[in-house]
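S.K.: Return a 3D structure for these sequence lines:
(chains A, B, C and D)
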Number of protein chains: 2
Amino acid sequence: MDTKSRALALGQSYLQTLGYNGFSFQTIADRLHIKKASLHYYFASKEELGLALISSYQQDFETWAEGLKSSSGPKKLNSFIEIFLEFSQDKNKICPQGVLCSDFNTLPPSLQKKLLSFHENQKAWLQKMLQDGIRNGEFRRDLPISATADFILSSLQGGVQMARLRKDFSIIKKIGHCLHDFLKIPPPS
Amino acid sequence: MDTKSRALALGQSYLQTLGYNGFSFQTIADRLHIKKASLHYYFASKEELGLALISSYQQDFETWAEGLKSSSGPKKLNSFIEIFLEFSQDKNKICPQGVLCSDFNTLPPSLQKKLLSFHENQKAWLQKMLQDGIRNGEFRRDLPISATADFILSSLQGGVQMARLRKDFSIIKKIGHCLHDFLKIPPPS
DNA sequence: GACAGTCTACCTACCGATAGGTAGATAATA
DNA sequence: TATTATCTACCTATCGGTAGGTAGACTGTC
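M.R.: So this is what the prediction gives:
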């Protein structure tokens, strides 16, 4: 892996463990054993790095969604929950949206905008998943689509944060069970 | 209100809008029209200020809970949801736990510990509310108490963050409706 | 094959601003 | 006079960012 990719990966890791204001170019440069100035060769500013980080998350999500596109609604939901579980299991990371929501008012406008569009993408995916699932009887029929998408997202986003606080990622699984109950589908095997 | 109380109130506001690493003694001092050094007269360090902030939140919560102690389960739940709604309506604030969870790994250990105990207090209150409510038939009987408390907390904690992102605090109300549906109680009038 | 020019990936050394924090003087009040 | 509340003036460390340089690989031309 080249330096730029390694910097990006480290940036994601630091973002999800320390927050946007909790790491610096220095933090990343030290781990790469290069000088801070050299990092600016790849990313002109922290804002640019931040944009690249969100782009990378967005790309990952699209690839992930592509791989699931012919799965059932419940399977999609479980895989979605698993994303958060995996974050939590990996150094008690929280989700990128959660971090950036917390730091939102300290972010440059370009990052705020990109974060919002990332969120909207993800919510749209959830809504489609729910809509399809309702249409073919996988979920209860009286589900309020938009509110349910928000409910799923917010409970998981809050969940990974509580999991960090209590150092107990099993919280995510339990939230998953509650969501299954809410959607009226059996819990995953 | 004296300087110390005003500083504390400003600290809470900044914490909930900018994050722990998003404001400084300077930020508060400027708003109070005093010098940064004068703030150190009241709070020896930022760590101490942070501890005072959590203490203050904890005190507020206890007073709030005391005033509700003879209310019904659903009434308690609604009031709890309202706390988050009020945060969100006030400058898109997020809840203190949410901010501090995000910044958790950059906090001094004393703050981490105090935050955890604050969280445990709040969760205990929720669990008791649910237990009492189930006992006298206000909520469905098959509720998993601990998981449900986590579910309520995490969905609201995530909810205020999403509300900030979308600048739309009505999300909190919708999450409230979902929670009512989950608990099998009618939505509030 | 030799040379010039260019590009990549780093470097040293600095900038102004701000962070958290301290020492010691000073003004107001009881 | 002692205490409380504030000040000036400073400290060290770090922040994001920049200027300018360089070793070595690559490319094109004669």
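S.K.: Tell me which other helices or strands the longest helix seen in chain A touches.
M.R.: Longest helix in chain A, counting residues (DSSP state H): helix A:109-135. Helix A:109-135 is packed against helix A:46-68, helix A:73-89, helix A:96-102, helix A:145-166, helix B:145-166, with contacts defined by 3 or more Cβ pairs under 8 Å, 6 or more residues apart in numbering or on different chains; DSSP states H and E. C-beta: built from backbone N, CA, C; applies to glycine.
S.K.: That one versus helix A:145-166: what angle between them?
M.R.: Helix A:109-135 runs at 120 degrees relative to helix A:145-166, counting by axes from the mean of the first three to the mean of the last three Cα atoms, to 10 degrees.
S.K.: if we can go back for a sec, of all the helices and strands packed on helix A:109-135, which one comes closest to DNA strand C?
M.R.: helix A:46-68 (12.0 Å; Cβ to the nearest atom of the strand).
S.K.: Indicate whether the closest one makes contact with chain B.
M.R.: No - for a cut-off given as Cβ under 8 Å from any Cβ of the partner chain, helix A:46-68 has no contacts with chain B; the smallest distance is 12.6 Å.
S.K.: buried residues in that helix?
M.R.: A:46, A:49, A:50, A:51, A:52, A:53, A:54, A:56, A:57, A:58, A:61, A:65 (16 or more other Cβ atoms under 10 Å in any protein chain shown).
S.K.: So for that helix, mean pLDDT?
M.R.: Across helix A:46-68, the average pLDDT comes to 97.
S.K.: now that helix, how far from the centre of its chain.
M.R.: In terms of Cα atoms, centre = their mean, to the nearest Å, the centre of helix A:46-68 is found 9 Å from the chain centre.
S.K.: Packing partners of it?
M.R.: Using 3+ Cβ pairs under 8 Å, 6+ apart: helix A:46-68 touches helix A:3-18, helix A:73-89, helix A:96-102, helix A:109-135.
S.K.: what angle do the first one and helix A:46-68 make?
M.R.: Note on geometry: by the same axes, to 10 degrees, helix A:3-18 and helix A:46-68 are set 90 degrees apart in direction.
S.K.: Of the helices and strands packed on helix A:109-135, which stretch is the most buried?
M.R.: A comparison of the helices and strands packed on helix A:109-135 by mean neighbour count, using mean count of other Cβ atoms under 10 Å in any protein chain shown, puts helix A:96-102 on top with a mean of 27.
S.K.: Is any residue of that helix near DNA strand D?
M.R.: No - using Cβ under 7 Å from any atom of the strand, helix A:96-102 never reaches DNA strand D; the gap is at least 14.2 Å.
S.K.: Fine by me, we can end here.
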